[in-house]
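>>> predicted model and sequence follow; I will ask about them next.
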Amino acid sequence: MKVAKWYNNQDIRIEEMPTPAPGPDEMLVKVMACGICGSDIVEWYRLPRAPLVPGHEIGAEVVGVGQGVSQYNPGDRVFIAPKAPCMQCDYCKNGHYPACTGIDERLPGGFAEYVLVPNTLVAYGTYRLPDTISYEQSTFIEPLACVVRAQRLAGVQQGQTVMVFGCGMSGLLHIKLAKAENCPVIATDINARRLQRAALLEADITIDAAQNVVERLAVASDKKADVVILSTSAMSAIHQAWKCVDKGGAIVFFAVPGPDKPITIPLNEFWTQEIKILTSYYCGPPDILDAIGLIESGTFGVDELVTHRLPLKDTARGFQLVLDGQESIKVIIQPNL
């Protein structure tokens with residue numbers, strides 16, 4: 001089978017690998033669509049495991065099942081989470097699924113014609129796709145689930161003002177979800193096209209991040225944001241975010257800078273104003289089910305966010321489109337075109 005193997009963002013090679021056969025409790029799937037996630041291009045995060053076949057936003061068709069697999073059959077349409085919590089440890093029991101101590105199997109990358117799904121993910125990380133969700137739409141399940149979790153952790157409530165720094169694909173999903181909760185939304189980005197997208201998604205205020213965001217916010221709104229969501233790792237955005245959150249509000253790090261970039265927090269000011277700092281890294285099963293429900297309902301459209309559909313051989317081009325960020329929002333690789 002053909003795979004797109006990642007060595008770094010400038011070196012992605014189409015290589016041949018043996019097509020695996022499913023063993024006991026395993027499953028082989030044919031990848032029909034796999035989105036390029038913003039985290040796929042974060043080199044400091046990926047390089048320690050390179051070379052690897054990335055891709056974790058997978059919609060697939062079951063083509064083979066091993067002995068002991070009875071819940072799925074060849075021909076089933078599925079979404080597969082990149083990892084699954086054990087549901088048994090104290091972290092899982094308390095809802096901290098990303099911190100699970102039992103996650104020891106990651107999904108082999110989806111930028112491949114076929115993927116072997118290990119037993120734990122067959123049991124706890126595979127979800128049958130509703131008939132109304134296409135393979136293309138299924139690539140939004142995992143990123144939307146992460147967005148659902150982040151806003152749940154922040155306690156976003158109807159009527160609260162939500163400010164989103166960074167209007168890439170995840171940032172736009174944050175805008176859509178906040179608007180679905182009838183929240184006023186402020187969006188900021190340095191990319192004019194992305195700001196236009198944010199406006200089309202009914203962001204109430206859009207601010208060019210190349211300007212002084214704090215000053216623009218003071219002019220455009222009579223209050224600061226109840227929840228600030230950082231969907232960018234830019235240090236300039238972090239520094240401005242500190243000054244955009246209201247008293248009693250929350251700042252959510254949905255993206256983070258590299259470990260070599262220290263962040264100074266105005267802790268004394270936040271202490272007296274009861275401002276919370278939160279992080280949100282991944283999602284859990286309840287978030288995935290919520291994301292599937294949102295897409296299945298038809299009221300949370302995602303098709304409008306797809307800008308590029310590429311065959312496997314053009315995976316390197318897809319990465320460059322995401323890295324550049326000028327024209328792309330959601331780039332989907334279709335390995336079996």
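That came through, no problem.
>>> so the closest residue to Pro51 other than its chain neighbours: helix, strand or coil?
Spatial nearest neighbour of Pro51, chain neighbours left out: Tyr7 (4.8 Å); criterion: Cβ to Cβ, 6 or more residues apart in numbering. (Glycine included, C-beta is placed from N, CA and C.) Classification of Tyr7 by DSSP: H, G, I helix; E, B strand; the rest coil places it in strand.
>>> tell me how many other residues crowd Tyr7.
Tyr7: 13 surrounding residues under other Cβ atoms under 10 Å.
>>> likewise for Gly155?
Counted by other Cβ under 10 Å, the residues lying close to Gly155 total 12.
>>> mind checking which helix or strand the residue nearest to it when sequence neighbours are not counted is in?
What sits nearest to Gly155 in space, not counting adjacent residues and going by Cβ to Cβ, 6+ apart, is Ala250, at 7.0 Å. Using DSSP states H and E, Ala250 sits within strand 245-253.
>>> other residues contacting that strand?
For strand 245-253, contacts defined as Cβ atoms under 8 Å, 6 or more residues apart in numbering pick out 150-151, 153-155, 161, 163, 223-230, 241-242, 273-280.
>>> checking the spatially most central residue of the chain next. Helix, strand or coil?
Nearest residue to the geometric centre of the chain (Cα atoms, centre = their mean): Pro143, 2.8 Å. With three-state DSSP as the basis, Pro143 sits in helix.
>>> for it, what are its contacts?
35, 37, 57, 169-170, 173.
>>> who touches Glu16 in this structure?
By Cβ under 8 Å, 6+ apart, the contact list for Glu16 reads 1-3.
>>> scratch that, Ser39 is what I was asking about
Ser39 makes contact with 45-46, according to Cβ under 8 Å, 6+ apart.
>>> would you mind measuring from it to Pro143?
Ser39 sits 9 Å away from Pro143, taking Cβ to Cβ, to the nearest Å as the criterion.
>>> now swap in Gly110 and tell me
Gly110 is 13 Å from Pro143, where distance means Cβ to Cβ.
>>> joint contacts of the two?
Shared contacts of Gly110 and Pro143, defined by Cβ under 8 Å, 6+ apart, comprise Glu57.
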